[in-house]
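**Student:** Mind looking at a prediction? Sequence and model below.
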Amino acid sequence: MESPRRPRLSPAIADVRRMVRELLPEAGLVLVGLSGGADSLALAAATAFEASRAGLGAGAVIVDHALQAGSAEVAAEAARQAGALGLDPVLTLRVTVDEGAGAGGPEASARQARYAAFDRALAETGASHVLLGHTLDDQAETVLLGLARGSGPTSLQGMSAVSGPFLRPLLGIRRAVTRRFCLDVGLTPWQDPHNLDRRFARVRVRHTVLPLLEDELGPGVAEALARTADHLREDSGALDDLARQRAEELCELSTGGVRLAVSGLEANPPALRQRIIRFAVEREFGASLERVHTLAALRLVTDWHGQKALDLPGVRVVRQDGWLIFAAPGHTPSKGTSRSHGTPRH
């Protein structure tokens, strides 16, 4: 139940419940990632209602990032609200965030710690999924930040509604709807002061950039950005599938690594070439190459003038006798004896 009294089924309640209902699995236990804010609180209430009707188990996981004074009390209140909604089990996990670590700063470090806590909660409870309260506004902000940083299609495609064990039912819901939901069912969400802290780029996008775009270009900018993310995700997914198939066909094992025929790479458009290299290296060496790295490797194909081997993150690449040969760092690549890495050649 969402409150001691039975709330009137307002449009906000109906919309949020419907989005949750459409994404819930058919059986098992799910957890809601609950911060106590309006988005996650509305998600928790709707999940408790819909899971009960569907015969599913529904619990909650609260992550205390310990970044603000009183964070333990905020987490305790979120746990109390989860229990009052009928969610069970309710886990509260405290994490340590290195505020200065990594290129993404404290936001990226907090996200990494939070998702590690979600993975732990899944393992401890046996739940199949964690539901997250990201909204259409969050999606639009993600796309704008990706545009500003020149991050390419991976960032511009935003967040997926289904990503492994993580479900985001509210990506089609505006933030104003989740606030209305909480008001309609009598829930009091927590107001995170970090959401007003202009040190964070996302806060500046939320309170300055998006409203300015709406003022100058008219309403519907957030929805348009979210649609753009959907289109890019579809296109990028199709290209990824095709590139993986081509990588299977082109990639061969060689002494100490793998190799790709230069002629085979040249026969593909640039978008596929980069993906083929990235997927081949990721599968063989577990290394993740960024665009700057794949472009450097491809210069051995498109701008060849006898360059030496390149040392990229987690892999060394050299061109020899019409092949790009990838090997572990410190290893001297050799063409050597090879055999097909994917589909056998006849």
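**Tutor:** Cool, got the structure.
**Student:** now Pro89, nearest residue through space, not along the chain?
**Tutor:** The shortest distance from Pro89 to any non-neighbouring residue, by CB to CB, 6 or more residues apart in numbering, is to Gly59 (4.4 Å). (C-beta placed from N, C-alpha, C; glycine too.)
**Student:** The one you found belongs to a strand, doesn't it?
**Tutor:** Yes: using DSSP: H, G, I helix; E, B strand; the rest coil, the assignment for Gly59 is a strand.
**Student:** Kindly state the beta-bridge partners for it.
**Tutor:** Leu31 (DSSP bridges).
**Student:** Would you check that it makes contact with Gly86?
**Tutor:** No: taking CB atoms under 8 Å as the definition, Gly59 is not a contact partner of Gly86, at 10.0 Å.
**Student:** can you pull out the strands in the stretch 151-300 of the chain?
**Tutor:** Here the stretch 151-300 of the chain has its strands, by DSSP state E, counting those that start in this stretch, at 162-163, 166-167, 251-254, 257-261.
**Student:** could you say what helices and strands the last one packs with?
**Tutor:** This means strand 257-261. Helices and strands touching strand 257-261, by 3 or more CB pairs under 8 Å, 6 or more residues apart in numbering; DSSP states H and E, are strand 251-254, helix 270-285, strand 323-327.
**Student:** With respect to burial, which of these scores highest?
**Tutor:** Of all the helices and strands packed on strand 257-261, strand 323-327 has the most neighbours on average by mean count of other CB atoms under 10 Å, namely a mean of 24.
**Student:** I'd like the mean pLDDT over that one, please.
**Tutor:** Mean pLDDT, strand 323-327: 94.
**Student:** Direction included, what does that strand pair up with?
**Tutor:** Here strand 323-327 is paired, per DSSP bridges, with strand 257-261 (antiparallel), strand 315-320 (antiparallel).
**Student:** Below-threshold pLDDT in the chain: ranges please.
**Tutor:** 1-7, 99-105, 151, 331-346 (pLDDT under 70).
**Student:** Domain-wise, how is it divided?
**Tutor:** Here the domain parsing of the chain from automatic domain parsing is 11-217, 240-340.
**Student:** nearest to Arg233, of those?
**Tutor:** Across these, Arg233 has its closest neighbour in domain 11-217 (3.9 Å, CB to CB).
**Student:** Any idea how far that closest one is from the middle of the chain?
**Tutor:** Offset of domain 11-217 from its chain centre (CA atoms, centre = their mean, to the nearest Å): 12 Å.
**Student:** repeat for stretch 269-277
**Tutor:** On CA atoms, centre = their mean, the centre of stretch 269-277 falls 22 Å from that of its chain.
**Student:** sorry, back to before: most tightly packed of the strands paired with strand 323-327?
**Tutor:** Ranked by mean neighbour count under mean count of other CB under 10 Å, these are led by strand 257-261, which reaches a mean of 23.
**Student:** Could you report the neighbour count for Gly286?
**Tutor:** Residues within reach of Gly286, counting by other CB atoms under 10 Å, total 9.
**Student:** Walking through the stretch 201-346 of the chain, point out its helices one by one.
**Tutor:** Per DSSP state H, counting those that start in this stretch, the stretch 201-346 of the chain carries helices over the ranges 201-204, 210-217, 221-250, 262-266, 270-285, 291-302.
**Student:** Can you tell me which of those helices is packed in deepest?
**Tutor:** Comparing these by mean count of other CB under 10 Å gives helix 270-285 as most buried, with a mean of 20.
**Student:** Please consider this matter closed, and thank you.
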